[in-house]
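[1] Sequence below, structure please.
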Amino acid sequence: MQPLLAPPLRSNLDPRSDAFVENRAAMLEKLAEIDRFLDEAEAGGGPAHHERLAKRGKLPVRERIANVLDPDSPFLEISPLAAYDSDYTIGGGAIVGIGAIAGVECVLFANDPTVLGGALTPYAAKKWMRALEIARDNCIPYVSFVESAGADLRVQTEDGDGQKRRRRARIDHFAETGRFFYEMIELSKLRIPVVCVVFGSSTAGGAYQPGMSDYNVMIRNQSKVFLAGPPLVKMATGEESDDETLGGAQMHTEVSGLGEYLAEDEKDACRICREVISHLNWRKAGPTASLRADPPALDPEHLLGLVSPDLRRPVDVREVIGRIVDGSRFEEFKSRYGTTLVCGWASIHGYPLGVLGNNGVLNPESAEKAAHFIQLCNQIDVPLLFLQNLTGFVVGRDFEQAGIIKKGSQMLNAVTNSTVPHLTVIFGASYGAGTYAMSGRAFNNRFTFVWPTAKIAVMGPKQIAGVMSIVRRAQAARKGEPFDEALDAKIVAAVEAIQEKGSLALEATGAISDDGIIDPRDTRTVLGLCLSVVRNRPIEGARGYGVFRL
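    Predicted coordinates for the structure are as follows:
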């Protein structure tokens, strides 16, 4: 395999400078905080719940996953910090991730029975939908480890306005559950295998998870699948029954036919799951890595000190690119035009890709350059990587007259109609419509990851607070009323604090607006895994675009 002929990027970074040392210390502090939250997520419902499972001969959910994955293979967990800063356990009561099973890349969704008995919390539901989306968008098998008490029924116990909000959430939650079933059925229609291992109870709506799967593995004296358990059956029909005869594993594999495989224990169930995946005759539709995958010439450790906690300090995105791409090689496109956006070709772990990275706001020239570059990558079936650090599109009279709306819309058009896979990493600011232009989650990219330094918002906290202050001042002037400067200063400070907290990476990832916070040093590895996954689906090829305003 030959490398790209482009020369390696040179670095202007000084790792001995005061700024670098301060940035690195701040980044390490953030990573230590994230590690504490990851440990909390891994603990699930806590030691008491894990001990209860162990007494019943059950494995923790992460051990179940480890037993089904290929030995010593990576597991890319998706949204591990879901439900951060909420009333729910971090992780949301479910685990989603991508890993290799019998050599096949699969997406896996697993209920954590130590958290509310595996109940489907709003966060678990959102992660479930994300798992189905990953399977569909990338054409990889979907595997579910089911053990759930059903929907979280606690969302209907507040008074007053709170009760209305909870009730609304409950209705939405119910509607979403029906959509999950639709999505599972559609996967099978798209010839994407759906495999279910029932580790415990799968009741009511949960019973349809195995019911809508292609392959079901059940565990003797452990799996329970029924529309209504013995108490409800007694109340509804007067019929006396027990768990096993009503919906046990042996009954379903010998009588009802719902189960295809009867496992003796959990490890045996994982073994059978691997056997099922191995017979799928699964082959990647897209090309494999074709270029030499040598490590970056620039030290990835230096990624720790690149970005300041104060995102107003500029970062040359080439310093990021040079530390994540093969051999630090980068062929830059239109390097002298639209310089606030860097575009060019590189490869990661042997997979060719086009890179777009922010070096400031998007102005008319950089937006035009982006639209051109995206079209070129679509012509040659090369995936796109977007590295976000921007405050949005530039504003002002001169830029409006230069056509920022028209040129920005050209970029949005190109991003929307692009058919190659998009991967996005937010390492700095991600504000305003620039988030969408740089292929944010709303624009159907395949994966979005954030660094601990990332901030996502409509605009910067100071700008939001300042705009609101200007509006209040104008309202007072129109009414002929005096303007209270002291009160306004307090409001501005409060708004800034609220907006600052809401824009932080931890808040965004807790709401599952991305696929997870990653250590900057892991960026190359994470992107390499994603580039391998997206190649399971064939690229549709270049297609037409909407009307470009020229």
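
[2] what's around Pro33, how many residues?
    Check again: residue 33 is Glu, not Pro. 12 (other CB atoms under 10 Å). Every residue, glycine included, has its C-beta placed from N, CA and C.

[3] for stretch 408-427, how far is the first residue from the last?
    One end of stretch 408-427 sits 22 Å from the other (CA to CA, to the nearest Å).

[4] buried residues in it?
    By neighbour count on 16 or more other CB atoms under 10 Å, the buried set for stretch 408-427 is 408-415, 418, 420-427.

[5] got the contact list for the nearest residue to Gly432 once chain neighbours are set aside?
    Distance criterion CB to CB, 6 or more residues apart in numbering; nearest residue to Gly432, sequence neighbours excluded, is Gly392 at 3.1 Å. By CB atoms under 8 Å, 6 or more residues apart in numbering, the contact set of Gly392 is 361-362, 431-435, 459.

[6] which residues pair with Val194 across the strands?
    Under DSSP bridges, the beta-bridge partners of Val194 are Tyr142.

[7] which ones are touching it?
    Neighbour list for Val194: 141-142, 144, 184, 187-188, 212-215 [criterion: CB under 8 Å, 6+ apart].

[8] and those, which are buried?
    Neighbour-count burial (16+ other CB under 10 Å) is assigned, among these, to 141-142, 144, 184, 187, 212-215.

[9] biggest separation within those, which pair?
    Pro141 and Met212 (14.6 Å; CB to CB).

[10] Enumerate every residue touching Asn221.
    Contacts of Asn221 (CB under 8 Å, 6+ apart): 244, 248-250.

[11] Buried only: go through those for me.
    Buried subset of the contacts of Asn221 (neighbour count, 16+ other CB under 10 Å): 248-249.

[12] Closest one to Leu69 out of the contacts of Asn221, please.
    Ala249 (23.3 Å).

[13] So the residue nearest to Tyr545 when sequence neighbours are not counted versus Leu385, what's the distance?
    Closest residue to Tyr545 in three dimensions, ignoring its sequence neighbours and counting by CB to CB, 6+ apart: Asn417, at 4.7 Å. According to CB to CB, to the nearest Å, Asn417 and Leu385 sit 18 Å apart.

[14] swap in Ala494?
    Going from Ala494 to Leu385 by CB to CB gives 38 Å.

[15] Looking at the two, which has the bigger crowd around it?
    Per other CB under 10 Å, whichever of Ala494 and Leu385 has more neighbours is Leu385, with 25 against 11.

[16] got the CA positions of the one helix or strand the more buried one maps to in CSV?
    Element membership for Leu385 (DSSP states H and E) is strand 384-390. Extracted in CSV, the C-alpha atoms of strand 384-390 (Å, rounded to 0.1, in the frame of the first residue of the first chain):
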residue,chain,number,x,y,z
LEU,A,384,-15.4,13.6,5.1
LEU,A,385,-14.0,14.6,8.5
PHE,A,386,-15.2,17.9,10.0
LEU,A,387,-13.1,19.4,12.8
GLN,A,388,-15.2,22.0,14.5
ASN,A,389,-14.0,25.1,16.3
LEU,A,390,-16.0,28.1,15.2
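
[17] which of the residues in it are buried?
    So for strand 384-390, counting by 16+ other CB under 10 Å, buried means 384-390.

[18] next one: stretch 354-366
    Across stretch 354-366, burial judged by 16+ other CB under 10 Å covers 354-359, 361-366.

[19] could you redo those as JSON lines and give each row distance to Arg16 and secondary structure?
    Putting these into JSON lines (distance: CB to CB, whole Å; DSSP: H, G, I helix; E, B strand; the rest coil) gives the following:
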{"residue": "Gly354", "distance to Arg16": "34", "secondary structure": "strand"}
{"residue": "Val355", "distance to Arg16": "28", "secondary structure": "strand"}
{"residue": "Leu356", "distance to Arg16": "31", "secondary structure": "strand"}
{"residue": "Gly357", "distance to Arg16": "25", "secondary structure": "strand"}
{"residue": "Asn358", "distance to Arg16": "27", "secondary structure": "strand"}
{"residue": "Asn359", "distance to Arg16": "24", "secondary structure": "coil"}
{"residue": "Val361", "distance to Arg16": "31", "secondary structure": "coil"}
{"residue": "Leu362", "distance to Arg16": "33", "secondary structure": "strand"}
{"residue": "Asn363", "distance to Arg16": "34", "secondary structure": "coil"}
{"residue": "Pro364", "distance to Arg16": "39", "secondary structure": "helix"}
{"residue": "Glu365", "distance to Arg16": "36", "secondary structure": "helix"}
{"residue": "Ser366", "distance to Arg16": "32", "secondary structure": "helix"}
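
[20] still on that earlier bit, neighbouring strands of the strand holding Leu385 in the sheet, and parallel or not?
    strand 351-358 (parallel), strand 422-431 (parallel).

[21] need the strands for the stretch 201-350 of the chain, in chain order.
    Assigned by DSSP state E, counting those that start in this stretch, the strands in the stretch 201-350 of the chain fall at 215-219, 224-226, 261-263, 331-333, 341-348.

[22] With respect to Arg313, which of the ones you listed lies nearest?
    Closest to Arg313 of those is strand 341-348 (CB to CB; 17.6 Å).

[23] Need the residues that contact that closest one.
    3-4, 6, 291, 293, 317-318, 321, 324-326, 329-335, 352-359, 362, 366-367, 369-370, 373, 382, 385, 524, 527-528, 531.

[24] do stretch 322-335 as well
    Against stretch 322-335 from outside (CB under 8 Å, 6+ apart): 3-11, 291-300, 302-303, 318, 321, 342-350, 355, 369, 372-373, 376, 523-524, 527.

[25] Now restrict those to buried residues only.
    By neighbour count, with 16+ other CB under 10 Å, those hold 4, 6, 8-9, 11, 291, 293, 296-298, 300, 302-303, 318, 321, 342-350, 355, 369, 372-373, 523-524, 527 as buried.

[26] can you map out the helices along the stretch 301-450 of the chain?
    Applying DSSP state H, counting those that start in this stretch to the stretch 301-450 of the chain gives helices spanning 317-321, 364-379, 397-401, 404-417, 434-437.

[27] Ok, which of these comes nearest Ile34?
    Nearest of those to Ile34, taken as CB to CB: helix 317-321 at 19.2 Å.

[28] and the closest one, what other elements does it pack with?
    Under the contact definition 3 or more CB pairs under 8 Å, 6 or more residues apart in numbering; DSSP states H and E, helix 317-321 sits against strand 341-348, strand 351-358, strand 384-390.

[29] Just checking the distance from the last one to the centre of its chain.
    Just to be clear, that refers to strand 384-390. Taking CA atoms, centre = their mean, to the nearest Å, the mean C-alpha location of strand 384-390 is offset from the chain mean by 15 Å.

[30] So, low pLDDT: which residues of the stretch 351-500 of the chain?
    Flagging of the stretch 351-500 of the chain using pLDDT under 70 yields the residue ranges 458-461, 463-467, 495-496, 498-500.

[31] Show the average pLDDT along stretch 103-121.
    Here stretch 103-121 scores 92 as its mean pLDDT.

[32] Ends of that stretch, what's the gap?
    This stretch, stretch 103-121, spans 32 Å end to end (CA to CA).

[33] what do you get for stretch 244-251?
    One end of stretch 244-251 to the other measures 7 Å (CA to CA).

[34] So that it lines up with my notes, have the first residue be 685 from now on.
    That works, and once the first residue is 685, the last one we named lands at stretch 928-935.

[35] And the contacts of it?
    Applying CB under 8 Å, 6+ apart, the external contacts of stretch 928-935 come out as 882, 891, 902-910, 913-914, 917, 943, 946-947.

[36] returning to what we had before: quick one: which of the contacts of Gly1076 is nearest Val1231?
    Using CB to CB, Ala1117 is the member of the contacts of Gly1076 that lies nearest Val1231, at 18.8 Å.

[37] which residues sit in contact with that closest one?
    Neighbour list for Ala1117: 1076-1077, 1092, 1096 [criterion: CB under 8 Å, 6+ apart].
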